[in-house]
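K.L.:
Dropping a prediction and its sequence here:
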Amino acid sequence: MKIPIVNEKDEIIGYKERYTISDGDIIRATGLWVTDKDGNILLTQRAFTKKHYPGLWGPAVGGTVEEGETYESNIIKEAEEEIGLVGINLNFILKTRFSNSFSQLYTVVVDHDYPFVKQDEEVEDMKWFTKNELEKLLEEKPEIFLKNFSNNIKLFK
């Protein structure tokens, strides 16, 4: 599947195969922050076999928008594929530009005991954290998290 390449205004200017994307190309990405009714935050650890950022912790779901997808359709697909999360009502948080991508971030609230099923090719581990636990980990071990994670966690008051 091809990846849309966009300009500085997030307008599609072409398509490339994933393996041919260069550092100067701007792509579209998505992220889904999953919380429960008590404010706990579900994080996933990227599989150690991933090419980019193996083993780092980040939002529950993330993806690269592919040809024919919207930001929203991509994150719904990725949520089902990566952690088995279906039937969700997304809440849009923000759209941001980070490095070589435009990213749209969403949240969803689910039951703490939702029967998640992780996709081993994408997800090494998943775990619920309190915001206090995350803030402490960010202070003590910032290197275990994806870039820009500390900025995104501030979205949860």
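P.N.:
Perfect, thanks for sending it. Residues are numbered from 1 along each chain as shown.
K.L.:
Low-confidence ranges, the chain, go.
P.N.:
Segments of the chain classed as low confidence (criterion: pLDDT under 70) are 156-157.
K.L.:
how about the strands in it?
P.N.:
For the chain, the strands identified by DSSP state E occupy 2-6, 12-17, 27-35, 41-46, 57-59, 61-64, 91-98, 101-109, 123-129, in order along the chain.
K.L.:
any chance of the ones you listed in CSV, with distance to Glu135 too?
P.N.:
In this view, the C-beta of every residue, glycine as well, is placed from N, C-alpha and C. Shown next, in CSV, are the strands of the chain (distance: least, Cβ to Cβ, whole Å):
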stretch, distance to Glu135
strand 2-6, 33
strand 12-17, 38
strand 27-35, 15
strand 41-46, 11
strand 57-59, 14
strand 61-64, 21
strand 91-98, 19
strand 101-109, 18
strand 123-129, 10
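K.L.:
mind putting the ones you listed in CSV, distance to Asn152 and mean neighbour count included?
P.N.:
CSV is the format used below for the strands of the chain (distance: least, Cβ to Cβ, whole Å; neighbours: other Cβ atoms under 10 Å):
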stretch, distance to Asn152, mean neighbour count
strand 2-6, 21, 18
strand 12-17, 25, 12
strand 27-35, 7, 23
strand 41-46, 10, 21
strand 57-59, 7, 21
strand 61-64, 11, 23
strand 91-98, 9, 13
strand 101-109, 7, 20
strand 123-129, 13, 16
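K.L.:
This completes my enquiry, with thanks.
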